[in-house]
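Colleague: Pasting the sequence and the predicted model now:
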Protein chains: 2
Amino acid sequence: MTEIASGNATPAKRRGRRPAGQDTRTALLDAAREAFARSGYEGATVRDIAARAGVDAAMVNHWFGGKEGLFGQAVLKLPFSPAELVRLILDGPEDELAERIVRTFLTRWDGAGGEIFTALVRSVAGHSEATGVLRDVFVRHIFGELVSKVAPDHADLRATLCATQMVGLGISRYVLAFEPLASAEVELLVTAIAPNLQRYLTGDLGDLGDG
Amino acid sequence: MTEIASGNATPAKRRGRRPAGQDTRTALLDAAREAFARSGYEGATVRDIAARAGVDAAMVNHWFGGKEGLFGQAVLKLPFSPAELVRLILDGPEDELAERIVRTFLTRWDGAGGEIFTALVRSVAGHSEATGVLRDVFVRHIFGELVSKVAPDHADLRATLCATQMVGLGISRYVLAFEPLASAEVELLVTAIAPNLQRYLTGDLGDLGDG
């Protein structure tokens, strides 16, 4: 899970004042789960969720990068926020972009536990709203942003090609538990997979016609 | 769905004799669905299924390549049998193996309809027996056999790496419907994806330590 600095430790619970940091975040996640369950993704509003959590709506953008990020972490339990992930991954040389993506993805999901990923796949397979949000998170916010920074040609196609590799990696490791991949060390998989992902990000895709 | 020559057309239904071909296949699929639902994958036997369908147990191997193949087509509704697929894909030059895999995979699943693939993902996410069979079908029977024909080093890892790409392609196209990938022409995707898959099959995977 995302680590968040929770401000100064408070030795005893104080009345009449909501503590900053982790508690604000938890209150927002709880209010969001309730609101999305009650009103659906389209019906729920950030303003309403923030009000119920007793915090300013600006905190939603601060912690979660908006409604999609909130849904992603509250309902889909993604172990990252898209904005945080993009920032982490962009921090380094461009030709090692894919290595950082594979390493960060596996480290986060290994840490969160495979059953979280399985639950995610289950909600996506049964639930079109989850699919839409996941599409927004992965294709638009994560790969879309990464790709647009590095590869102007076929950017949309590249973003979805990256998604094929990373979604397939997650499902094969956490849901299907294909061995030896499921138990392989993170760095072995970085070595084996990153060159393929790097081709999708910045490499020659071949003659795609006018696509 | 797999096309099967159904023998001579019979203008009217004949009593006392089961027609060959398509009808035998259908009877086996019906009996299998019933048996797997009743006894589970481990409990159901090929002998029992064949007896209930009124056909010889040898037909199960003939049509489906054994119990896994029968489960794959009866319950998971895979639009191919592993044995048939391996035969099709091996028929051609080794350096175009990946192109044939991507082309055959997309053509079969496009033809079967995306909702079949979504149902497959749903049963895998909710159902450990389906996962086991899918692992056997994809990793052992399909990629395992293909890889063992062409790449002696890291064969098991290569088979699962291939699975990451193909499982991710299927989910991104049919379940998540990531655009422009979901609507892209088959040949464009063959061009974009086959070189990555070919690296997993026969290429240099980098320094993997003693793996």
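Modeller: Structure received.
Colleague: Number of residues surrounding the closest residue to chain B within chain A?
Modeller: Closest residue of chain A to chain B, Cβ to the nearest Cβ: A:G168 (2.2 Å). Yep, even glycine has a C-beta here, placed from its N, CA and C like the rest. Per other Cβ atoms under 10 Å in any protein chain shown, the neighbour tally for A:G168 reads 24.
Colleague: wait, what's in contact with it?
Modeller: A:G168 makes contact with B:A163, B:T164, B:Q165, B:M166, B:V167, B:G168, B:L169, B:I171 under the criterion Cβ atoms under 8 Å, 6 or more residues apart in numbering or on different chains.
Colleague: who's in contact with stretch A:105-113?
Modeller: Under Cβ under 8 Å, 6+ apart, the answer for stretch A:105-113 is A:1, A:77, A:79-80, A:116-117, A:166, A:169-170, A:173-174, A:186, A:189-190.
Colleague: Please tell me how far the residue of chain A closest to chain B sits from A:C162.
Modeller: For A:G168, the distance to A:C162 (Cβ to Cβ, to the nearest Å) stands at 11 Å.
Colleague: elements contacting the helix or strand bottoming out on mean pLDDT in chain A?
Modeller: Lowest on mean pLDDT, DSSP states H and E among the helices and strands of chain A sits helix A:128-134, with a mean of 74. In terms of contact count using 3 or more Cβ pairs under 8 Å, 6 or more residues apart in numbering or on different chains; DSSP states H and E, helix A:128-134 is assigned the packing partners helix A:22-43, helix A:67-74, helix A:114-126.
Colleague: ok and the longest one relative to helix A:67-74, angle-wise?
Modeller: With axes from the mean of the first three to the mean of the last three Cα atoms, to 10 degrees applied, the angle from helix A:22-43 to helix A:67-74 works out at 120 degrees.
Colleague: Run the chain-centre distance for helix A:22-43.
Modeller: 17 Å (Cα atoms, centre = their mean, to the nearest Å).
Colleague: do the second one as well
Modeller: In terms of Cα atoms, centre = their mean, the centre of helix A:67-74 is set 9 Å apart from its chain centre.
Colleague: Over to stretch A:178-196?
Modeller: With Cα atoms, centre = their mean, you get 20 Å for stretch A:178-196.
Colleague: buried ones in that stretch?
Modeller: Using 16 or more other Cβ atoms under 10 Å in any protein chain shown as the test for burial, stretch A:178-196 gives A:178-179, A:181, A:184, A:188-196.
Colleague: From these, pick the one nearest B:D207.
Modeller: A:T191 (6.4 Å; Cβ to Cβ).
Colleague: Leaving out the residues flanking it, which one is nearest to A:E34?
Modeller: Sequence neighbours aside, A:R52 is the residue nearest to A:E34 in space, at 7.3 Å (criterion: Cβ to Cβ, 6 or more residues apart in numbering or on different chains).
Colleague: State the pair within the contacts of stretch A:105-113 that is farthest apart.
Modeller: Maximum distance among the contacts of stretch A:105-113 (Cβ to Cβ): 24.2 Å, for A:K77 and A:V190.
Colleague: got a list of contacts for stretch A:140-156?
Modeller: A:65, A:68-69, A:82-83, A:85-86, A:89-90, A:94, A:97, A:101, A:158-160, A:162-163, A:201-202, A:205, A:208, A:211, B:179-180.
Colleague: Dump stretch A:172-188 to PDB, restricted to CA.
Modeller: What follows is stretch A:172-188, C-alpha atoms only, in PDB (Å, rounded to 0.1, in the frame of the first residue of the first chain):
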ATOM      1  CA  SER A 172      -0.200 -14.800 -15.000                       C
ATOM      2  CA  ARG A 173       1.700 -14.200 -11.800                       C
ATOM      3  CA  TYR A 174      -1.100 -13.500  -9.300                       C
ATOM      4  CA  VAL A 175      -4.300 -15.100 -10.700                       C
ATOM      5  CA  LEU A 176      -3.200 -18.000 -12.900                       C
ATOM      6  CA  ALA A 177       0.000 -18.500 -10.900                       C
ATOM      7  CA  PHE A 178       1.900 -19.900 -13.900                       C
ATOM      8  CA  GLU A 179       5.200 -21.300 -12.800                       C
ATOM      9  CA  PRO A 180       8.100 -20.600 -12.900                       C
ATOM     10  CA  LEU A 181       6.900 -17.000 -13.500                       C
ATOM     11  CA  ALA A 182       4.700 -16.800 -10.400                       C
ATOM     12  CA  SER A 183       7.600 -17.400  -8.000                       C
ATOM     13  CA  ALA A 184      10.400 -15.800 -10.100                       C
ATOM     14  CA  GLU A 185      12.500 -13.000  -8.500                       C
ATOM     15  CA  VAL A 186      11.400  -9.500  -9.500                       C
ATOM     16  CA  GLU A 187      14.800  -8.700 -11.100                       C
ATOM     17  CA  LEU A 188      14.800 -11.800 -13.200                       C
END
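Colleague: Show me how far that stretch is from its chain's centre.
Modeller: 20 Å.
Colleague: can you tell if it touches chain B?
Modeller: Yes. Judged by Cβ under 8 Å from any Cβ of the partner chain, stretch A:172-188 comes into contact with chain B at A:S172, A:R173, A:V175, A:L176, A:A177, A:F178, A:E179, A:P180, A:L181, A:A182, A:A184, A:L188.
Colleague: Would you convert these into JSON lines that also reports distance to B:T45, secondary structure and pLDDT?
Modeller: Formatted as JSON lines, the residues of stretch A:172-188 next to chain B follow (distance: Cβ to Cβ, whole Å; DSSP: H, G, I helix; E, B strand; the rest coil; pLDDT from 0 to 100):
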{"residue": "A:S172", "distance to B:T45": "30", "secondary structure": "helix", "pLDDT": "92"}
{"residue": "A:R173", "distance to B:T45": "33", "secondary structure": "helix", "pLDDT": "94"}
{"residue": "A:V175", "distance to B:T45": "28", "secondary structure": "helix", "pLDDT": "87"}
{"residue": "A:L176", "distance to B:T45": "25", "secondary structure": "coil", "pLDDT": "86"}
{"residue": "A:A177", "distance to B:T45": "26", "secondary structure": "coil", "pLDDT": "88"}
{"residue": "A:F178", "distance to B:T45": "27", "secondary structure": "coil", "pLDDT": "89"}
{"residue": "A:E179", "distance to B:T45": "27", "secondary structure": "coil", "pLDDT": "91"}
{"residue": "A:P180", "distance to B:T45": "31", "secondary structure": "coil", "pLDDT": "94"}
{"residue": "A:L181", "distance to B:T45": "31", "secondary structure": "coil", "pLDDT": "95"}
{"residue": "A:A182", "distance to B:T45": "29", "secondary structure": "coil", "pLDDT": "95"}
{"residue": "A:A184", "distance to B:T45": "35", "secondary structure": "coil", "pLDDT": "97"}
{"residue": "A:L188", "distance to B:T45": "40", "secondary structure": "helix", "pLDDT": "97"}
